[in-house]
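Engineer: Coordinates for the following, if possible.
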Amino acid sequence: SSSSETLARSNNSPSSKTRRMSTASTSSKDTEDQIYAFFDSVGRKFQHYVDKTTVWVKTRWSSLLVLLITYAIRVYLVKGFYIVSYGLGIYMLNLLIGFLSPAVDPETEDQDIALPTKESSEFRPFTRKLPEFKCWFSATRAVLISIFMTFFRCFDLPVFWPILLAYFIILVVLTMKDRVSHMMKHKYLPFSMGKKSYADCAKVDVPGAKGGKDDK
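Structural biologist: Predicted coordinates for the structure are as follows:
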């Protein structure tokens, strides 16, 4: 009886409580570290596989087109989520503007930058404000999120969709008109012009061959 009372008093002592709290805190910290390490590992693996798709340009953009068609069919079948579609359209328009804009705007920078033009004989790569891969990745993520939102009625806000459609069309026309005017003013194209492909460099004119320089 006395030993049990002594044990109970020792367990209720301040030092014992401090040790239990320290143990619980250490265990909680270990659990948080494990969770963080797990999500960090998943994120790195996901980024590794995403980076592998960099060279598959046509495949990536084809998959985005399929997702857009899937979203359009989904919205048509449920006949709603027009505000989600409007937000997706505005976001995609902003991505397009960044994709067509130079990384350094000649109107805001004092330095002389060389942009690719039709008259330029040398190769001048066009550096985009938003790179092609980031544009595709952001657009794909936005479409996937929009498709996910169509499964929740809380995002289906009542709106008069013809007004949204008309406003979006006007916004696209004005934005693209401003972008084209910017291109014409600074005489550049949003594409890399003049670069020779490896196929052209590998071509060798064989004397006497049909179509060669010495062929008469």
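
Engineer: What helices and strands are in contact with the helix or strand containing residue 169?
Structural biologist: In the assignment (DSSP states H and E), residue 169 maps to helix 161-186. Here helix 161-186 touches helix 82-100, going by 3 or more Cβ pairs under 8 Å, 6 or more residues apart in numbering; DSSP states H and E. Every C-beta, even on glycine, is put in place using the N, C-alpha and C of the backbone.

Engineer: Could you report the distance from residue 32 to residue 161?
Structural biologist: The gap separating residue 32 from residue 161 is 46 Å, by Cβ to Cβ, to the nearest Å.

Engineer: the more surrounded of these two?
Structural biologist: Set residue 32 next to residue 161 and count neighbours by other Cβ atoms under 10 Å: residue 161 wins out with 15 against 10.

Engineer: Please tell me I have it right and that one contacts residue 82.
Structural biologist: Yes: counting by Cβ atoms under 8 Å, residue 161 does reach residue 82; the two are 4.0 Å apart.

Engineer: show me the contacts for residue 93.
Structural biologist: 171, 172, 175 (Cβ atoms under 8 Å, 6 or more residues apart in numbering).

Engineer: residue ranges for the helices of this protein, please.
Structural biologist: Counting by DSSP state H, the chain has helices at residues 2-11, 14-52, 57-78, 82-100, 132-149, 161-186, 198-201.

Engineer: Now render those helices as CSV, adding distance to residue 155 and mean pLDDT.
Structural biologist: Converted to CSV, the helices of the chain look like this (distance: least, Cβ to Cβ, whole Å; pLDDT from 0 to 100):
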stretch, distance to residue 155, mean pLDDT
helix 2-11, 54, 51
helix 14-52, 26, 72
helix 57-78, 11, 93
helix 82-100, 6, 92
helix 132-149, 5, 93
helix 161-186, 14, 89
helix 198-201, 48, 46
